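Engineer: Can you look at this prediction? I've put the sequence above it.
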Amino acid sequence: MNNFETAVNLTLEKEGILSDHKDDAGGLTKYGISQAAYPGLDIASLTKADAIAIYKRDYWDKAQCEEIPYPLDIMLFDTAVNHGVTKAVKILQESLGITADGVIGQETRAAARQAKNSIYTVFMINRLYAYTEAKSWPTFREGWKNRLVQLAQEVDA
């Protein structure tokens, strides 16, 4: 299994249901793909294969996860799914202690390759902080905290 397959499988474990929670800004969501993000897509009819293709194109590839070493690549991908690509990259960059411009460039790739294991904890803390800034934090906080714990366990971070 390649890193994208590992990442998308971990994400789909948490995003596999059809939901339309009143406090979810994404609206109708299936496999983690929301109507708000894809207004022209028939979310209710979305297949798992379609969701995986979207994840590959719009999250894994756009966040350049392939350029980031494991397990940061998987952490970056899951963060991009929840926070958007630009915010996810900024969280990574802030965690690496470099300029947080939201763009994966040479500096980000180099810093990620040289990162110490403590970066995983810093990344998760920064991601948790980003969650706390969301309006829906009171509703989804337990699930989001559990998601971070499970992700950390899965990637041995």
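Structural biologist: Here it is on my side, so go on.
Engineer: From now on I want contacts and neighbour counts done on CA atoms only, so please keep to that.
Structural biologist: Fine.
Engineer: quick one: buried residues of the longest helix along the chain?
Structural biologist: Using DSSP state H to define each element, the chain has its longest helix at helix 137-154. Judged by neighbour count (16 or more other CA atoms under 10 Å), helix 137-154 contains these buried residues: 144, 147, 148, 151, 152.
Engineer: now swap in stretch 27-39 and tell me
Structural biologist: 27, 28, 29, 30, 31, 32, 33, 34, 35.
Engineer: swap in stretch 47-61?
Structural biologist: Buried, per 16+ other CA under 10 Å, within stretch 47-61: 51, 52, 55, 56, 59, 60, 61.
Engineer: Quick check: the fifth one vs residue 132, distance?
Structural biologist: Taking CA to CA, to the nearest Å as the measure, residue 59 and residue 132 are separated by 22 Å.
Engineer: how many neighbours does residue 94 have?
Structural biologist: Neighbours of residue 94 under the rule other CA atoms under 10 Å: 17.
Engineer: Could I get the pLDDT score of the most far-flung residue of the chain relative to its centre?
Structural biologist: Going by CA atoms, centre = their mean, the residue of the chain most distant from its centre is residue 45, 23.0 Å out. Here the pLDDT value assigned to residue 45 is 95.
Engineer: next one: residue 65
Structural biologist: 97.
Engineer: Which helix or strand contains the residue lying closest to it once chain neighbours are set aside?
Structural biologist: Setting aside the residues directly before and after it, residue 65 is nearest to residue 73 in space (CA to CA, 6 or more residues apart in numbering), at 4.8 Å. Assigned by DSSP states H and E, residue 73 falls within helix 72-83.
Engineer: which non-adjacent residue is nearest residue 56?
Structural biologist: residue 4 is the one closest to residue 56 (CA to CA, 6+ apart), at 7.5 Å.
Engineer: related to what we said a few turns ago, ok, the residue nearest to residue 65 to residue 7 distance?
Structural biologist: Distance, residue 73 to residue 7, by CA to CA: 8 Å.
Engineer: for residue 50, same thing?
Structural biologist: 16 Å.
Engineer: sorry, back to before: now the buried residues of stretch 47-61 in JSON lines, with pLDDT?
Structural biologist: Putting the buried residues of stretch 47-61 into JSON lines (pLDDT from 0 to 100) gives the following:
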{"residue": "51", "pLDDT": "96"}
{"residue": "52", "pLDDT": "97"}
{"residue": "55", "pLDDT": "97"}
{"residue": "56", "pLDDT": "98"}
{"residue": "59", "pLDDT": "97"}
{"residue": "60", "pLDDT": "98"}
{"residue": "61", "pLDDT": "98"}
